[in-house]
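S.K.: Sharing a model that was predicted from the sequence below.
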Amino acid sequence: MMIDDAMQSPKLSWNTHSIVTRAALDSIKAPQINEEIPVVRLEDFLSCAHVELRELARRHIELLSRKNSQTLTSHPIPSRILTVEDFLVAFRLNPCRPIFYVKVLRPEKVPCDSPHDACRSGPPGGTYIPNVEAERINALEILVTFSDEPDWGMDQDLFDIEDYEYGQPPFGDRTGKSSQAPFHMAFLQDNLLLLKILPRLRKSFMKERISIFLALAGLALQKEIYYWGWRFTAWAMHYLQDLTQPYHAHPFPPSLLRIPGILIMNRSRHGVVRGIGNYLKNRHILCEAAVHFLLNEAVKKRLDHPFLKALSSPEGSLGGSLGALMKESARFAGSLARRTDKALVGLVNDPRINDGDYSVGDDFSYPLDRSLEEAAQERPVLLNEFLEIITMCLIQTGRVTRYAVDLALKRRTDPEVSSLMHTTSP
């Protein structure tokens, strides 16, 4: 898919990760992120770092194999990682995914009435414009632009690639957008009963993703390929931001009492899986769409909105290991999941989201804007409850976003890039 095709999609989009990143970094003082940096093609970075890249790829694959309790028999790493395909295969990303050279529009350039576009085969339509090699772009804009990029397909359809040895998906679908779930979600809270019933929920590839992208960021920064240093940092940042969202940190936020009804209504295994899947996905999608809508409106109409204040809040600093940070984020977001779900269901007030045969993700005409406007008038208490919960989550989102930048700045002068790869997942 060419960038022109993506940008001319009839479905426009809000880009939450870009808005979140811009707001979270609004107060950061590091002068390095205000540098003007030339756009550099990925192949140029690969040509000057192929020796170190091979070692990073080897260690990354070892960690993945250990996660799957497998002997390392995977697809061999190219002796010289020089092409985009070499890179994607070496680091076990979708080999069919193109690399886009774009920059995101500032929020005020995107119409308020742009509907959310859940399609992720490239940059969301309507919010990005292309840029070219050697064009200069501010480092902050690189971080803002590409903090959304892991949602553009790099983690999709990987379980069907036999040589990658990811095994069976622990949750989510085998193919399609939901196949990226084990890379973008991690259930690290202490729900021992649920994890005993469904032990596969313990498995996630999120930490391996964050670790390898931070390592790549450090390598690129040390090679003075600053464009890719910050772009890889933005990739790592994406997963950390995801983990502060309640539906990414808790496997089943809704009431378990709904499950018997789904089992009764669907006698076949396929029907049960679809019914439970839609029941969960509808809530997940609507929560993210509501936050998309509210953030998009805030940056255009109300810069003192509690969401934006929360993201830029200097409250608390983060340190310690990546594993400890992930557990802290997941446990906090997971602890708010039930409250989030209850407030969301009451706020939207639409019985279809409980219907296992209905998929809000396939309903591009869903009137979310009208639902929120109606809620503000008729259910203000629930709207305030939802705003309060998401505001608490976004304080942590802002903190982990700045953590990724701080860590990348440290890696810029530290030659031990691969040290980020020494730990296993939490």
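M.R.: Nice, I can see it.

S.K.: so where do the strands sit in this structure?
M.R.: Taking DSSP state E as the test, the strands found in the chain are 36-38, 102-104, 128-130, 136-138.

S.K.: Single out the most deeply packed of those strands.
M.R.: When the strands of the chain are scored by mean count of other CB atoms under 10 Å, the highest mean neighbour count falls to strand 102-104 (a mean of 21). No exception for glycine: its C-beta is placed from N, CA and C like everyone else's.

S.K.: From the contact counts, what lies against it?
M.R.: Under the contact definition 3 or more CB pairs under 8 Å, 6 or more residues apart in numbering; DSSP states H and E, strand 102-104 sits against strand 128-130, helix 139-146.

S.K.: quick one: strands adjacent to the shortest one?
M.R.: Strand 128-130 has its sheet partners listed here by DSSP bridges as strand 102-104 (antiparallel).

S.K.: Just the residues contacting the strand it pairs with, thanks.
M.R.: Counting by CB atoms under 8 Å, 6 or more residues apart in numbering, the neighbours of strand 102-104 from elsewhere in the structure are 3, 15, 18, 123, 127-131, 137, 141, 144-145, 148.

S.K.: Looking at these, which two lie furthest apart in space?
M.R.: Largest separation among the contacts of strand 102-104 by CB to CB: Ile3 and Val144, giving 17.5 Å.

S.K.: So which of those two has more stuff around it?
M.R.: Comparing Ile3 with Val144 by other CB atoms under 10 Å, the one with more neighbours is Val144, at 25 against 17.

S.K.: residues near Asn94, how many?
M.R.: Using other CB under 10 Å, Asn94 is surrounded by 19 other residues.

S.K.: One more: Glu162?
M.R.: Residues near Glu162, counting by other CB under 10 Å: 9.

S.K.: confidence score at it?
M.R.: Here the pLDDT value assigned to Glu162 is 85.

S.K.: Check the one 4 residues further on too.
M.R.: Tyr166 carries a pLDDT value of 89.

S.K.: Spit out the contact partners of it.
M.R.: Shown in contact with Tyr166 (CB under 8 Å, 6+ apart): 64, 68, 92, 158-159, 205.

S.K.: same check, this time on Pro253
M.R.: Contacts for Pro253 (CB under 8 Å, 6+ apart) come out as 246-247, 283, 337-338, 340-341.

S.K.: In ChimeraX, how would I select the buried members of those residues?
M.R.: Applying 16 or more other CB atoms under 10 Å to the contacts of Pro253 leaves a buried subset, and the ChimeraX line that selects it is:
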select :246,247,283,337,340,341
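
S.K.: Could I get the buried residue list for stretch 186-200?
M.R.: Residues of stretch 186-200 classed as buried: 186-189, 191, 194 (neighbour count, 16+ other CB under 10 Å).

S.K.: from the residues you listed, which is closest to Cys393?
M.R.: When the buried residues of stretch 186-200 are compared for distance to Cys393 (CB to CB), Gln189 comes out closest, at 14.0 Å.

S.K.: Would you agree the closest one is in contact with His248?
M.R.: No - Gln189 lies out of contact with His248 (CB atoms under 8 Å); the separation is 11.6 Å.

S.K.: picking that back up, could you single out the nearest of the contacts of strand 102-104 to Phe293?
M.R.: Closest to Phe293 out of those is Asn15 (12.5 Å), distances taken as CB to CB.

S.K.: Can you report how many residues lie near the residue nearest to that closest one when sequence neighbours are not counted?
M.R.: On the basis of CB to CB, 6 or more residues apart in numbering, the spatially nearest residue to Asn15 that is not a chain neighbour turns out to be Thr127, at 4.9 Å. Residue neighbour count, defined by other CB under 10 Å, stands at 25 for Thr127.

S.K.: cool, Val39 as well?
M.R.: Other residues close to Val39 by other CB under 10 Å number 18.

S.K.: measure the nearest residue to it once chain neighbours are set aside to Ile142 for me?
M.R.: Ranked by CB to CB, 6+ apart and with sequence neighbours excluded, the top spatial neighbour of Val39 is Glu135, at 5.0 Å. From Glu135 across to Ile142, the span is 12 Å (CB to CB, to the nearest Å).

S.K.: When these two are compared, which one has more neighbours?
M.R.: Higher neighbour count among Glu135 and Ile142: Ile142, with 25 against 12, using other CB under 10 Å.

S.K.: and the nearest residue to the more buried one once chain neighbours are set aside, what does it touch?
M.R.: Among residues not flanking Ile142 along the chain, Trp230 sits closest, at 4.2 Å (CB to CB, 6+ apart). Applying CB under 8 Å, 6+ apart, one finds that Trp230 lies in contact with 33, 37, 139, 142-143, 146, 217, 221, 408.

S.K.: Over to Ser147?
M.R.: With contact taken as CB under 8 Å, 6+ apart, Ser147 is in contact with 17-18, 20-21, 234-235, 237-238, 241, 401.

S.K.: could you dump the residues you listed to JSON lines with neighbour count, pLDDT and distance to Pro380?
M.R.: Output for the contacts of Ser147, formatted as JSON lines (neighbours: other CB atoms under 10 Å; pLDDT from 0 to 100; distance: CB to CB, whole Å):
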{"residue": "His17", "neighbour count": "24", "pLDDT": "94", "distance to Pro380": "29"}
{"residue": "Ser18", "neighbour count": "28", "pLDDT": "94", "distance to Pro380": "29"}
{"residue": "Val20", "neighbour count": "26", "pLDDT": "96", "distance to Pro380": "25"}
{"residue": "Thr21", "neighbour count": "30", "pLDDT": "97", "distance to Pro380": "30"}
{"residue": "Ala234", "neighbour count": "27", "pLDDT": "98", "distance to Pro380": "36"}
{"residue": "Trp235", "neighbour count": "24", "pLDDT": "98", "distance to Pro380": "39"}
{"residue": "Met237", "neighbour count": "34", "pLDDT": "97", "distance to Pro380": "34"}
{"residue": "His238", "neighbour count": "24", "pLDDT": "98", "distance to Pro380": "33"}
{"residue": "Gln241", "neighbour count": "27", "pLDDT": "97", "distance to Pro380": "28"}
{"residue": "Thr401", "neighbour count": "27", "pLDDT": "95", "distance to Pro380": "30"}
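
S.K.: Okay then, goodbye and thanks.
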